[in-house]
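Chemist: model the following, please.
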Amino acid sequence: MSYFFIIIISIIAVGAILAFVRFVKGPTAADRVVALDTISFMAIALMVFLGFVLERFIYIDVSLVYAVLGFVGVITIARYLEGGI
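Modeler: This is a model prediction of the structure:
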């Protein structure tokens, strides 16, 4: 792997670690939901990047499905926290 790929993966990993810290320490439930959504976004970015690097485009399809499910999950949790459900 070239240094560019290592740098990209490192940036994604640092972002996920910082989001995990916010998920654990978050003072409110909304902070934890946003941190979980950020971790989900980092996982999607990693899947797309690996699909591009490894030339396995099924990873991109899987990441699209994961993104839709993550979006629906965050909306559901947000409505629950707001008292709408």
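Chemist: need the contact partners of stretch 69-77.
Modeler: 33, 36, 37, 40, 41, 44, 85 (C-beta atoms under 8 Å, 6 or more residues apart in numbering). No exception for glycine: its C-beta is placed from N, CA and C like everyone else's.
Chemist: hmm, I was thinking of stretch 7-27
Modeler: 31, 32, 34, 35, 36, 38, 39, 42, 43, 45, 46, 49.
Chemist: of the residues you listed, grab the buried ones for PyMOL.
Modeler: Restricted to buried positions by 16 or more other C-beta atoms under 10 Å, the PyMOL selection for the contacts of stretch 7-27 reads:
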select buried, resi 32+34+35+36+38+39+42+43+45+46+49
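Chemist: now for the contacts of stretch 7-27: which two are most distant?
Modeler: Between any two of the contacts of stretch 7-27, the greatest separation by C-beta to C-beta is 26.7 Å, found for 31 and 49.
Chemist: now the helices for this structure?
Modeler: All helices of the chain, identified by DSSP state H, fall at 3-25, 29-54, 58-82.
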